[in-house]
Structures are given as C-alpha cells and as structure tokens.
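1. what follows is a predicted structure for the sequence shown.
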Amino acid sequence: MIDIKKIATEMTKSYEEADITMLSCRQLPDKTEIISILEDLKSLFFPAYFGKADCQEPLEFSEQLISSIYYRIKKQIELALSFNSEECVKEKAEKIANDFVEALPSIHKLLIKDVHATFEGDPAANSFEEIIFSYPGFYAILVYRIAHVLYLSKVPFVPRIMSEHAHGKTGVDINPGAQIGEYFFIDHGTGIVIGETTIIGNHVKLYQGVTLGALSPRKGQSLSGVKRHPTVCDNATIYSGTSILGGETVIGKDAVIGGNSFITESIADGAKVSVKKQEHIIK
C-alpha cells in the first residue's frame with residue numbers, strides 16, 4: 001500500500017530546502033481577476049465592440065466601469081506589492097491605482113492612433129471596426145499599453161500576467177517594459193518577440209516572426225537593468241522572420257529591413273537591408 005504520509009513528509013522537507021517561496025500567508029494576485037479587468041478595460045476603450053453600454057449615456061457608462069476597474073485593480077496591486085513586503089502598502093497601492101486610472105484617457109488616445117496605423121499599413125483591412133474587433137496584433141498592443149503603465153509604477157506580477165495572457169492569445173510577446181511610440185503597427189503578429197529594454201519610435205511597422213532581442217542572455221540576472229535590446233527609430237519597417245539583437249543596435253529612421261535578416265549592428269537612417277537570394281536545390 002502506498003505510504004501517503006511518507007511522501008508528504010518528503011515533500012515538506014523539499015519545501016523547507018528550496019530557496020523559493022513555497023508556503024506563504026500572503027496571497028498572490030488573482031490571474032482570473034486581472035484578465036477580467038483587462039476585458040473591462042477593452043470594453044471601456046471600445047464600448048461599441050466589447051462593451052455592454054446598450055443605450056446608456058457615455059458618461060454614465062464610463063463612470064461606472066472606471067469605478068469598478070479602479071477598486072479591483074487597486075486590490076490586485078496591493079496583493080502584488082505586499083507579497084514580498086513586510087510594510088503596509090495600502091497607500092502606495094492607492095496612489096498607483098489613482099495614477100493608472102488617470103492615465104486611461106491617454107492610453108485610449110494612443111490606441112486610436114494604433115488603429116489608424118494598422119488601417120494605413122494593411123491593405124487587407126476593410127475597416128477600423130475589423131481591426132479593433134478581430135486583429136490579434138492590435139489586441140497585443142492594447143494589452144501592452146495597459147501593462148506598460150503598471151510596469152512604470154514598478155508593480156510586481158500584474159504587468160507580466162497581462163502581457164503573458166496576450167502572448168498566449170495572440171502569439172505576440174511584448175514585454176511590458178518596452179518603450180513603444182505612437183502609431184505602432186503589427187501585421188499578422190504570430191511569433192513577434194519584443195524584449196524588455198527595446199525602444200521603438202513612432203510609425204514603426206513589424207511583421208510576423210520579428211525578434212527584437214538580447215545579443216547574449218547567458219549572463220542572466222547580471223544583465224538586469226542593462227540596455228540589452230535594440231532601438232528602432234521612427235518610420236522603420238521590419239519584415240517577417242528578422243532577428244535584431246543587442247542593446248547597442250540601432251535601426252535608423254526610415255530604414256527598411258527585409259525578411260529573414262539577422263542583424264547585430266546598427267543600420268543607418270534610410271537604409272534598405274536585404275538577404276542575398278538563397279540558392280534552391282531541388283532533387
């Protein structure tokens with residue numbers, strides 16, 4: 001007969017020996033609640049598509065939804081801050097939640113610009129409505145814009161929970177720490193990776209399979225806080241399957257990077273980069 005108590009004793013010993021928190025009286029943020037808050041934010045930003053506004057007045061609708069979002073995000077921020085802290089974090093969580101809610105109109109304005117960039121950049125787009133309602137790249141950008149505000153406030157857990165949720169739904173992996181300008185366009189989206197210290201300017205276009213990554217991540221935590229991902233300047237276009245690596249790598253203004261390029265050094269303004277035609281061997 002199996003000895004459950006013996007196995008449980010061994011597991012308990014393993015808990016004690018681990019250098020990772022295994023048991024805690026403190027509660028982690030609730031992933032399900034954070035995703036629910038994201039859905040409400042999506043409804044707030046685009047009520048005709050995802051909201052339940054019905055015939056409500058816009059002011060009444062937005063006021064009720066913002067109030068709900070505020071109290072719920074404040075609770076999740078407090079849980080995140082308190083998990084590894086002995087201090088009372090209620091006031092800090094309230095301040096961050098206040099700043100976050102006050103930033104919502106600015107996030108909305110950025111998202112409208114992203115919709116326009118997507119429509120102008122994709123001849124297959126039939127309408128703004130189609131982009132908002134169905135484009136995975138736009139959804140990834142929407143979640144990034146939200147998570148980035150919380151990242152800047154140094155909220156643990158929550159921004160990454162948001163970005164990984166979007167990653168799972170869209171195949172687009174945008175670290176919430178990346179700095180991304182206005183009129184950002186992601187086409188198709190699947191397989192895009194944008195690292196934490198990436199800087200992206202205005203009117204930049206990325207196609208599927210693009211990696212904006214670190215040149216050598218083997219040093220691990222010793223590189224934390226170091227600029228290790230590339231900078232992409234205004235109006236640059238990067239086509240599918242391209243990898244651009246390194247914190248000192250700068251893609252200049254108006255540059256066009258052809259598909260399947262591998263770049264570890266800076267590219268001048270206005271340059272056009274392409275891979276020499278590969279030879280096909282057919283047997």
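-> Sure, I can see it.

2. from here on, just use CA atoms for contacts and neighbour counts.
-> Will do.

3. quick one: the strands in the stretch 151-283 of the chain?
-> Applying DSSP state E, counting those that start in this stretch to the stretch 151-283 of the chain gives strands spanning 173-174, 179-180, 185-187, 193-194, 199-200, 205-207, 211-213, 231-232, 237-238, 243-245, 250-251, 256-257, 262-263, 272-273.

4. quick one: which of those strands is nearest Ala8?
-> strand 173-174 (37.9 Å; CA to CA).

5. what's the spacing between the closest one and its chain's center?
-> What separates the centre of strand 173-174 from the centre of its chain is 5 Å, taken as CA atoms, centre = their mean, to the nearest Å.

6. can you list contacts of that strand?
-> By CA atoms under 8 Å, 6 or more residues apart in numbering, the residues outside strand 173-174 that reach it are 140, 144, 163-164, 166-167, 191-196.

7. do that again at 6 Å, thanks
-> 167, 193-194 (CA atoms under 6 Å, 6 or more residues apart in numbering).

8. most neighbours, which of those?
-> Counting neighbours by other CA atoms under 10 Å, Ile194 leads these with 26 neighbours.

9. what is the neighbour count of the residue lying closest to His167 once chain neighbours are set aside?
-> Of all residues not flanking His167 in the chain, Asp173 sits nearest, at 4.9 Å (CA to CA, 6 or more residues apart in numbering). For Asp173, the neighbour count with other CA under 10 Å is 23.

10. where does the closest residue in space to Ser216 that isn't next to it in sequence land on pLDDT?
-> Nearest in space to Ser216, with sequence neighbours left out and distances taken as CA to CA, 6+ apart, is Gly246 at 7.7 Å. Per-residue pLDDT puts Gly246 at 96.

11. with the one 4 residues further on instead?
-> Taken from the predicted model, the pLDDT recorded for Val250 is 98.

12. can you give me the neighbour number for it?
-> Neighbour tally, Val250, other CA under 10 Å: 23.

13. just to revisit the earlier point, let's have the strands of the stretch 151-283 of the chain in CSV, adding distance to Val158.
-> Compiled in CSV, the strands of the stretch 151-283 of the chain are given as follows (distance: least, CA to CA, whole Å):
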stretch, distance to Val158
strand 173-174, 14
strand 179-180, 18
strand 185-187, 24
strand 193-194, 18
strand 199-200, 21
strand 205-207, 26
strand 211-213, 22
strand 231-232, 25
strand 237-238, 30
strand 243-245, 27
strand 250-251, 30
strand 256-257, 34
strand 262-263, 32
strand 272-273, 38
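
14. lovely, talk soon.
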